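J.: What follows is a predicted structure for the sequence shown.
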Amino acid sequence: MAIHNKSHSNHALMSLNKQRKECNMKQKSEKDFEKPNKSKILINISDCCEFLKTLPNESVQLICIDPPYNLELAGWDIYENYIEWAAQWLDEAYRVLSKSGNLIIFGGIQFRDVKSGDLIDIIHHVRHHTKFKLINTVIWYYKNGMSAHRYFANRHEEVIWLAKSNDYYFDLDSVRVPYSEEDLKLALKDKRLNPENTKKGKNPTNVWQIGRLNGNSKERVGHPTQKPVEIITRFVKCLSYPGATVLDFFAGSGTVGRVCITEGRHCIMCDSDKSTIEYFNRHLGLMRELGQNTEYTEIQSVDEFFHAE
C-alpha cells in the first residue's frame, strides 16, 4: 500500500495551514466558519493501523472512536496485548491530528475480571508514553440498563477527551443547555456569572444524561455497540468546526458519518468489517424518513479526499 503524500501542497491542507497561521483556534467558534455545500464522506474497509499510515500529517480536526473493549464479545474484540495494539493507533492519531485537534475515546472500566483494554490502561499509557493532553473525562449517564444483585447496577459509561496541544479547539456555546425561564431569571441575578454567557445557556458539565439505544430504538441500524446520535453530535459540534475533517477509524455503525452530514463536517470512516457500509446506508434511510438532508459527496480514496474541492 502506498504511503499518502504528506506534503502541504494540496488545497485542503493549504487551507488548514492558512487558518493555523491567521488565528488562534482557541478563540474561534462555529460562527467563524462556513458549512460546506456538501460533506465529503470516505469509507475505507481495512485494518485501522495500516489505513492511518496513509493519512497526511495534521490533516484531521477531530477523531471520535469507540474501539473494541477486549471483552471477547466477538473475534474483533479479542486482543492478547491490547495496549501494544492500541499504542499503534494512538501514535498515528497524534500524528494526523491538527495542532488544535481533539481525540474522543469511548470506553469503560472493567471490574472483577482484570483484563488489558479498559480506559484506565489507555489513560496510563497516554500519560506515560504520549504527548496527548487529558482534558476531560465525560460521564455518559443513562437510566436504562441491566439489573444487578451482587453489585450496584451500572448506569454510565466513561469517555475521555484528549487534545494534541493546549491550543485545542472547543466551542462551548455550540452545546450549551438552555435554562428554563425561571432558572434563567435566578441565574441572571447571580453576580458570579457573566450575564452574556448566562443568556446563551448552561455549561452541560461533564455528566451527560443521554438515553442508551434499546432494541426498539428508531435509531438502531443493527450494530451491537451503536452510540446515540445525540452524544456523537455534542462531541462533533464542540470539538470540530464546520468544514473540518472528522475521523472515525472504528466506524462500526457509521453514526459519526451521519452526524457529519447533518453538522456540515467532512468525514473519513474506516473499519475492518464491510458491514459498516450497510449500516451507514441504513442511517441514510432513517434520515430520509425524518426529512433530513442526506446529500454528500462520496469519496473513493484518501488522495481524492484531500484534493477534492
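T.: Here it is on my side, so go on.
J.: only C-alpha atoms for contact and neighbour calcs from this point on.
T.: OK.
J.: show me where this structure has strands.
T.: Secondary structure of the chain (DSSP state E): strands located at 39-45, 60-65, 97-107, 133-141, 156-163, 207-209, 245-248, 266-271, 296-299.
J.: can you list those in a markdown table and add mean neighbour count and distance to Lys189?
T.: Formatted as a markdown table, those follow (neighbours: other C-alpha atoms under 10 Å; distance: least, C-alpha to C-alpha, whole Å):
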| stretch | mean neighbour count | distance to Lys189 |
| --- | --- | --- |
| strand 39-45 | 22 | 43 |
| strand 60-65 | 26 | 37 |
| strand 97-107 | 24 | 35 |
| strand 133-141 | 17 | 29 |
| strand 156-163 | 20 | 33 |
| strand 207-209 | 14 | 25 |
| strand 245-248 | 26 | 40 |
| strand 266-271 | 24 | 42 |
| strand 296-299 | 16 | 46 |
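J.: Lys26: what's its closest spatial neighbour, skipping adjacent residues?
T.: Tyr169 (5.2 Å; C-alpha to C-alpha, 6 or more residues apart in numbering).
J.: I'd like to know how far the one you found sits from Tyr82.
T.: Going from Tyr169 to Tyr82 by C-alpha to C-alpha, to the nearest Å gives 30 Å.
J.: Over to Gln88?
T.: 10 Å.
J.: Give me the more crowded residue out of the two.
T.: Tyr82 (19 against 14; other C-alpha atoms under 10 Å).
J.: related to what we said a few turns ago, how many neighbours does the residue nearest to Lys26 have?
T.: Counted by other C-alpha under 10 Å, the residues lying close to Tyr169 total 25.
J.: give me every residue that touches it.
T.: Going by C-alpha atoms under 8 Å, 6 or more residues apart in numbering, Tyr169 touches 25-26, 28, 100-102, 238-240.
J.: Low-confidence ranges, the stretch 1-150 of the chain, go.
T.: Applying pLDDT under 70 to the stretch 1-150 of the chain flags residues 1-23, 70-79, 110-117.
J.: ok, back up a step: hmm, which two among the contacts of Tyr169 are most spread apart?
T.: Pairwise distances across those peak at 14.7 Å for Lys28 and Asn102 (criterion: C-alpha to C-alpha).
J.: Please name the bridge partners of the spatially most central residue of the chain.
T.: Nearest to the geometric centre of the chain sits Cys64, at 2.3 Å (C-alpha atoms, centre = their mean). Note on Cys64: beta-bridge partners Ile104, judged by DSSP bridges.
J.: Distance check, it against Lys237.
T.: The span separating Cys64 from Lys237 equals 12 Å under the rule C-alpha to C-alpha.
J.: so the residue nearest to the centre of the chain touches Gly107, yeah?
T.: No - when contacts are counted by C-alpha atoms under 8 Å, Cys64 is not listed as touching Gly107 (11.7 Å).
J.: Break down the stretch 101-250 of the chain into its helices, ranges please.
T.: Ranges of helices in the stretch 101-250 of the chain, per DSSP state H, counting those that start in this stretch, are 119-129, 181-188, 195-200, 229-239.
J.: Now do the phi/psi pair for the residue nearest to Lys26.
T.: The phi and psi values for Tyr169, taken as degrees, to the nearest 10, are phi -80, psi 130.
J.: Show the contacting residues for Ile41.
T.: Contacts for Ile41 (C-alpha under 8 Å, 6+ apart) come out as 257, 266-269, 296-299.
J.: From the residues you listed, pick the one nearest Phe249.
T.: Checking the contacts of Ile41 one by one against Phe249 (C-alpha to C-alpha), the nearest turns out to be Met269, at 5.5 Å.
J.: The closest one touches Asn44, doesn't it?
T.: Yes - Met269 lies in contact with Asn44 (C-alpha under 8 Å); the separation is 6.2 Å.
J.: hmm, back to that, and among the helices of the stretch 101-250 of the chain, the most buried is which?
T.: helix 229-239 (a mean of 19; mean count of other C-alpha atoms under 10 Å).
J.: okay, the angle between that one and strand 97-107?
T.: 150 degrees (axes from the mean of the first three to the mean of the last three C-alpha atoms, to 10 degrees).
J.: mind listing what the nearest residue to Ser147 once chain neighbours are set aside touches?
T.: Excluding the flanking residues, the one nearest Ser147 by C-alpha to C-alpha, 6+ apart is Ala153, at 5.6 Å. Contact analysis of Ala153 by C-alpha under 8 Å, 6+ apart lists 145-147.
J.: Tell me who's in contact with the nearest residue to Phe249 once chain neighbours are set aside.
T.: Once flanking residues are discounted, Phe249 sits nearest to Cys270: 4.3 Å by C-alpha to C-alpha, 6+ apart. Applying C-alpha under 8 Å, 6+ apart to Cys270 gives the contacts 43-48, 51, 248-251.
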